[in-house]
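A.B. asks: please find the sequence and the predicted model below.
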Amino acid sequence: MQCEEFEDRLNTVLDERGRVEWDAELDLHRETCPVCRHLASAYDKLLEGFYALAAPQAPDDMSLRVMAELTARPAERRRSYSRKMLAAASLATAACLLVLVVQARNGAHSAAVIAAADDAKVTGQSDPASATRTALAQFPLVPELVAIAESPDGDPFAGLAKETGQGLANVMLFVPGVGGSRGIIDAENGAADGSAADPAWAVQMSEGLKPLTDSVTDTVNLILRSLPVDALASR
Amino acid sequence: MRQLVRRCLDGDQSAMVDLVDRYRGPVFGLCYRMLRHRQDAEDVTQESFVRVLRGLHTWDPQREFLPWLLAIAGNRCRTHLAARMRHPATSSLVEQVGDDSVQLAQARNLAEEVELALSTLRTEYREAFLLFHQHEMSYAQIGATLDCPLGTVKTWVHRARRELIARLKLRGVLEELPECNAKSLKIG
């Protein structure tokens, strides 16, 4: 064995929770090389010191504190949920109305699209998915909707509903004061600034929903930027 | 464990208390060593358990419980450390042990020196080292806990050991290693 291999091999032995003396070649090298003996002794000392560290004692009342927190927080959250949900629902409604207005101005026949698909569904005169696909192709603003209509589950309305749900979630995520003061929710950590740590809510809002494409998100955000979101969010 | 979790999911409060009591030691141990501040560690431990109990339905019974629990506690610690970085004013609360002579005098024994050295490691090295040596988790478990490849975990633990030794040497706890002049020394 060469000295330069010694430390790597020593680490491997430690990885296996072994001891130097259990590895004959390592042990032999250590016995004959003062430098590596010194190194092995440094590792021994490090671990000896680490294992001698007194285990920090967890507070005895931790379970009481946790249970108190579990009992106390839902009530607070329900109040904050309702404010958040109200603001978000208002924004989403406004955003939807704006989408319809913009689409109407751009010549997209959104109402006709939905009506045509509904008619097709009710009468069975043609394939509703096909009718919707054709109709959605007329949307100049958000062409991604056509791709949604092509979703493999075969039901374009299911895809749209999911996307609308995600849109609603995105409203909450991006509007300051709704999804935290910075408006960004991380499902694991809550708001990025820790002010509205509420992962269950974010997860619930996003569960089963498809991610939006960037351009759809951009469109939603474009609309949102034109809304008096601060006033709504601070309600 | 699955039975205990099921009882928790059914809303059995005594089961929740049992779960916290069973795991508060390892969770608090990790938080304390990560945050180096008792009050913060208590708060983050509490917060971790609240999250765990609220998100218990997301635990996959096929997975081991402790690594999942420690992953959540580790995430909370990292979030807390990041917040501490953003608000440096609060860092005065941290029970820091620096390099000055007063603290050297306070760190009277090897264990305290190791603890001091640990506190200076990069967060990911420290966490990987603690999960391996303190919680005796395998590299695969640590990889799953930290959501990174096994090879990366291994590298972090090895670097942690090397850096700890280097810091102990700097503090004079360990003697400087003599230069190796026998790189080609062949034994046997």
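C.D. replies: Nice, I can see it. Numbering: from 1, shown residues only, chains lettered A, B, ... in the order given.
A.B. asks: what about stretch A:5-16, average pLDDT?
C.D. replies: Taken as a whole, stretch A:5-16 has a mean pLDDT of 89.
A.B. asks: quickly check: it near chain B or not.
C.D. replies: Yes. Looking at stretch A:5-16 against chain B by CB under 8 Å from any CB of the partner chain, the contacts come from A:7, A:11, A:14-15. In this view, the C-beta of every residue, glycine as well, is placed from N, C-alpha and C.
A.B. asks: just these now: which is nearest chain B?
C.D. replies: In terms of CB to the nearest CB, no member of those lies closer to chain B than A:N11, at 4.9 Å.
A.B. asks: next, count neighbours for residue 23.
C.D. replies: Using chain A here. 18 (other CB atoms under 10 Å in any protein chain shown).
A.B. asks: not quite, I wanted chain B
C.D. replies: B:Y23 has 21 neighbours, counted by other CB under 10 Å.
A.B. asks: just to revisit the earlier point, from the residues of stretch A:5-16 next to chain B, list the buried ones, please.
C.D. replies: A:7, A:11, A:14 (16 or more other CB atoms under 10 Å in any protein chain shown).
A.B. asks: tell me which of the residues of stretch A:5-16 next to chain B fall in helices.
C.D. replies: A:7, A:11, A:14-15 (DSSP state H).
A.B. asks: quick one: secondary structure of B:E175?
C.D. replies: Using DSSP: H, G, I helix; E, B strand; the rest coil, the structure places B:E175 in coil.
A.B. asks: show me the contacts for residue 26.
C.D. replies: Unless you meant another one, I'm taking chain A. A:1, A:6, A:9-10, A:13, A:20 (CB atoms under 8 Å, 6 or more residues apart in numbering or on different chains).
A.B. asks: that's the wrong chain, I meant chain B
C.D. replies: Counting by CB under 8 Å, 6+ apart, B:P26 has contacts B:66, B:69-70, B:135.
A.B. asks: of those, closest to B:L174?
C.D. replies: Set against B:L174, the nearest of these by CB to CB is B:H135 (25.1 Å).
A.B. asks: my guess is the closest one contacts B:L70. True?
C.D. replies: Yes. Using CB atoms under 8 Å, B:H135 is in contact with B:L70, at 6.6 Å.
A.B. asks: who's more crowded, the two?
C.D. replies: The neighbour comparison of B:H135 against B:L70 (other CB under 10 Å) goes to B:L70, with 28 against 17.
A.B. asks: surely the more buried one forms part of a strand?
C.D. replies: No. Counting by three-state DSSP, B:L70 is not found in a strand; it is helix.
A.B. asks: please name the residues that touch it.
C.D. replies: B:L70 touches B:26-27, B:30, B:131, B:135, B:137, B:145, counting by CB under 8 Å, 6+ apart.
A.B. asks: just those: which are in strands?
C.D. replies: Nothing among the contacts of B:L70 maps onto strands, per DSSP state E.
A.B. asks: what residues sit buried inside stretch B:22-29?
C.D. replies: Those would be B:23-24, B:26-29, for stretch B:22-29 by 16+ other CB under 10 Å.
A.B. asks: surely B:L81 touches B:L35?
C.D. replies: Yes. The criterion here is CB under 8 Å, and B:L81 meets it with B:L35 at 7.0 Å.
A.B. asks: more crowded one of the two?
C.D. replies: Neighbour count, other CB under 10 Å: between B:L81 and B:L35, B:L35 has more, with 23 against 17.
A.B. asks: identify the residues contacting the more buried one.
C.D. replies: The contact partners of B:L35, taken as CB under 8 Å, 6+ apart, are B:41, B:44, B:77, B:80-81, B:94.
A.B. asks: in chain A, which ranges drop under the pLDDT threshold?
C.D. replies: By pLDDT under 70, the weakly predicted segments of chain A are A:73-235.
A.B. asks: chain B too?
C.D. replies: For chain B, the ranges with pLDDT under 70 are B:86-108, B:177-188.
A.B. asks: let's go with 80 and repeat that
C.D. replies: B:84-109, B:175-188 (pLDDT under 80).
A.B. asks: now the helices: where do they sit in it?
C.D. replies: B:2-9, B:13-35, B:38-54, B:65-86, B:101-106, B:110-119, B:123-129, B:139-146, B:150-170.
A.B. asks: only the buried residues of the first one, if you could.
C.D. replies: Put plainly, it is helix B:2-9. Applying 16+ other CB under 10 Å to helix B:2-9 flags B:5, B:7-8 as buried.
A.B. asks: before we move on, what about the fourth one?
C.D. replies: In terms of neighbour count (16+ other CB under 10 Å), helix B:65-86 has its buried residues at B:65-81, B:84.
A.B. asks: sorry, back to before: could I get the buried residues of helix B:2-9 in TSV, plus columns for distance to B:G172?
C.D. replies: Output for the buried residues of helix B:2-9, formatted as TSV (distance: CB to CB, whole Å):
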residue	distance to B:G172
B:V5	49
B:R7	53
B:C8	50
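A.B. asks: which one of these sits closest to chain A?
C.D. replies: B:C8 (10.6 Å).
A.B. asks: about what we covered before: and the contacts of A:L26, which is closest to B:R126?
C.D. replies: Nearest to B:R126 among those, with distances taken as CB to CB, is A:L10, at 20.7 Å.
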